[in-house]
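Engineer: sequence and predicted structure, then a few things I'm wondering about:
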Amino acid sequence: MNEGEYAALLADDAAHVWYPFTQMRDYLAGEPLFIERAQGVRLYDVKGRGYYDGVSSLWLNVHGHGHPHIDRAVKEQLDRMAHSTMLGLGHPGAVRLAKKLVDLTPAGLNKVFYSDNGSTAVEIALKMAFQYWRHRGETGRTSFLTLGGAYHGDTIGSVSVGGIDLFHRLFRPLLFPTVTAPPPYCYRCRLGLTHPACGLACAEAFGELLLRHRTELAAAVVEPLIQGAGGMITAPPGYLARIRELCTEYGVLLITDEVATGFGRTGRMFACEHEGVSPDLMTLSKGISAGYLPLAATLATDEIYAAFLGLPAENKTFFHGHSYTGNPLAVAAALASLEVFEQEDTLAGMQPKMAYLSERLARFTALPQVGDIRRRGFMTGIELVADKETGTAFPASARYGARVCRTARQKGMIIRPLDDVVVFMPPLATSLADLAVMLDILEESVREAAG
Ligand code: PMP
């Protein structure tokens, strides 16, 4: 791209593009970055400079960019058909993928309902849970149990079950009411307790709310093992399994949102596997198509599915569907990605890399301003604080996390903060050698921002 073309791109960008989750005044005051090419774990800007993809292009990419097997599968599908609706019509890939997802996910989830992003996958799970109880005659079940600090997407339904003030508070007048349980956030325990002496008191608090509201609750919704956008909040061992037990005991459906954790990100194919949990509904997106094309799925048990069967006049149909539901190109990418998981034994390959991550991140604890380091598999959050002793946070105006990420960008790696939690989530296929360089950049960026 020559100087003239670049100048025109800058001008048109400033004139016409409104970016997601971005304060446009800051964006326009800064130096925009236009990515035009990607290969492996690197992104390249229009000037040809390379950057490590330290957050897997927003927690999506799995096997690296431009993987030959997935590229070929998408191209072959494109030669056959780009899209056909799934409203009452099938296509072979959607059937094949549904069968694979049922085989891979925890036992009991036998039905797959497609959509095209994480928020809609959650929206669908909420509506399915609500409508399920309607068909069962329990019409008082109009609420959901959620966790503080939860993030399930940006549509009004998924925002309703979210718990991040910065993103969600403004919309409160538009949202449906929910019951909120304390998050399993040990570094800043809302119950003022310490793990493991607490005896998982936050799970018991969850149970008390289930008991109190059990006739009003359609479902409980959780991000299993790690609450991502809330700050990479890792739940202590046993928390998820206890939540499952409690939901079963009180007869409330459990929705696990594996949009971020699914497809290997936690070191197992799904986070629920770590604690042998089978939810009633599970949401998938992001890694499902390895970061290639928009795709999502909501999986349900036979029991939930069966409640929707009836004569047309009984009005039991699930009236929900999107134009691009189950798009064949995205499905082809998803099928190819699952083949790569097998061919490359991706999950086994992660084991030495996770050990390395753990060893390298342990060194970060000594850095000034590093308050807490949380990791499950390839999902890492480094919480930066003004005072390590007391855990006092920086004033929001310091935008400390953003500062670290800006430094990392200058050094050749793209990462994004969640407030003052710096997220590091490279593609699962990242080699040990690349991981070492990425961690060097991360460490230097945290150190320099402190200076
Ligand atoms: N659920 C979880 C757990 C997520 O992390 C996200 C996205 N970060 C979503 C839902 C929403 O997904 P999408 O951005 O594709 O709508």
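Structural biologist: The structure has been received and is ready for your questions. Numbering: from 1, shown residues only.

Engineer: spell out which residues of the stretch 1-150 of the chain are next to the ligand.
Structural biologist: In this structure, the stretch 1-150 of the chain approaches the ligand at residues 117-119, 122, judged by CB under 6 Å from any ligand atom. (C-beta placed from N, C-alpha, C; glycine too.)

Engineer: so of these, which ones are in strands?
Structural biologist: Among these, no residue falls in strands (DSSP state E).

Engineer: between these, which sits nearest the ligand?
Structural biologist: Distance ranking of those against the ligand, using CB to the nearest ligand atom, places residue 118 first at 2.1 Å.

Engineer: how is this structure divided into domains?
Structural biologist: Following automatic domain parsing, one gets these domains for the chain: 33-63+345-449, 70-343.

Engineer: turn the ones you listed into a markdown table, columns for distance to residue 21 and mean pLDDT.
Structural biologist: Conversion of these to a markdown table gives the following (distance: least, CB to CB, whole Å; pLDDT from 0 to 100):
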| stretch | distance to residue 21 | mean pLDDT |
| --- | --- | --- |
| domain 33-63+345-449 | 9 | 96 |
| domain 70-343 | 8 | 97 |
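
Engineer: hang on, residue 335 in a strand?
Structural biologist: No: counting by DSSP: H, G, I helix; E, B strand; the rest coil, one finds residue 335 to be helix, located in no strand.

Engineer: who are the contact partners of it?
Structural biologist: Taking CB atoms under 8 Å, 6 or more residues apart in numbering as the criterion, residue 335 is in contact with 73, 93, 96-97, 100.

Engineer: same question, residue 330
Structural biologist: Neighbouring residues of residue 330 by CB under 8 Å, 6+ apart: 116, 289, 292-295, 324.

Engineer: in three-state terms, label the residue most central in space within the chain for me.
Structural biologist: The centroid of the chain falls nearest to residue 260 when counting by CA atoms, centre = their mean (2.1 Å). Reducing the assignment to helix, strand or coil with three-state DSSP, the entry for residue 260 is coil.

Engineer: ok, it to the ligand distance?
Structural biologist: Residue 260 sits 4 Å away from the ligand, going by CB to the nearest ligand atom, to the nearest Å.

Engineer: so who does that residue touch?
Structural biologist: Residue 260 is in contact with 59, 118, 223, 226, 228-229, 286, 379, counting by CB under 8 Å, 6+ apart.

Engineer: list the contacts of stretch 274-282.
Structural biologist: Stretch 274-282 is touched from outside by 105-109, 125, 128-129, 219, 224-225, 237-238, 240-241, 244, 247, 253-258, 266, 268, 270, 272, 298-301, 303-304, with contacts defined as CB under 8 Å, 6+ apart.

Engineer: specify the local secondary structure of residue 300.
Structural biologist: Here residue 300 is recorded as strand under three-state DSSP.

Engineer: what about it, neighbour count?
Structural biologist: Taking other CB atoms under 10 Å as the criterion, the count of residues near residue 300 is 28.

Engineer: of the contacts of stretch 274-282, buried ones?
Structural biologist: Buried residues within those, counting neighbours by 16 or more other CB atoms under 10 Å: 105-106, 109, 125, 128-129, 219, 224-225, 240-241, 244, 247, 253-258, 266, 268, 270, 272, 298-301, 304.

Engineer: which of those fall within helices?
Structural biologist: Secondary structure from DSSP state H places 125, 128-129, 240-241, 244, 247, 304 of the buried ones among the contacts of stretch 274-282 in helices.

Engineer: nearest to the ligand, of those residues?
Structural biologist: Proximity to the ligand was ranked across those by CB to the nearest ligand atom; first place goes to residue 125, at 10.3 Å.

Engineer: pretty sure that closest one sits against residue 301.
Structural biologist: No: in terms of CB atoms under 8 Å, residue 125 does not count as a neighbour of residue 301; the distance is 11.8 Å.

Engineer: got phi/psi on residue 421?
Structural biologist: Per-residue torsions, residue 421: phi -100, psi 120 (degrees, to the nearest 10).

Engineer: got the buried residues for stretch 204-222?
Structural biologist: 206-207, 209-210, 213, 216-222.

Engineer: same check, this time on stretch 244-253
Structural biologist: Of the residues in stretch 244-253, those scored as buried under the neighbour-count criterion (16+ other CB under 10 Å) are 244, 246-247, 250, 252-253.

Engineer: can you check stretch 67-79 too?
Structural biologist: In stretch 67-79, the ones that count as buried by 16+ other CB under 10 Å are 67, 70, 73-74, 77.

Engineer: how about that stretch as CSV, C-alpha atoms only?
Structural biologist: Output in CSV follows, covering the C-alpha atoms of stretch 67-79 (Å, rounded to 0.1, in the frame of the first residue of the first chain):
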residue,chain,number,x,y,z
HIS,A,67,-4.2,-23.4,8.3
PRO,A,68,-4.0,-25.4,5.0
HIS,A,69,-6.5,-28.0,6.0
ILE,A,70,-9.2,-25.5,7.1
ASP,A,71,-8.4,-23.2,4.1
ARG,A,72,-9.0,-26.1,1.7
ALA,A,73,-12.2,-27.2,3.4
VAL,A,74,-13.7,-23.7,3.2
LYS,A,75,-12.6,-23.3,-0.5
GLU,A,76,-14.1,-26.7,-1.4
GLN,A,77,-17.4,-25.8,0.3
LEU,A,78,-17.4,-22.5,-1.5
ASP,A,79,-17.2,-24.3,-4.8
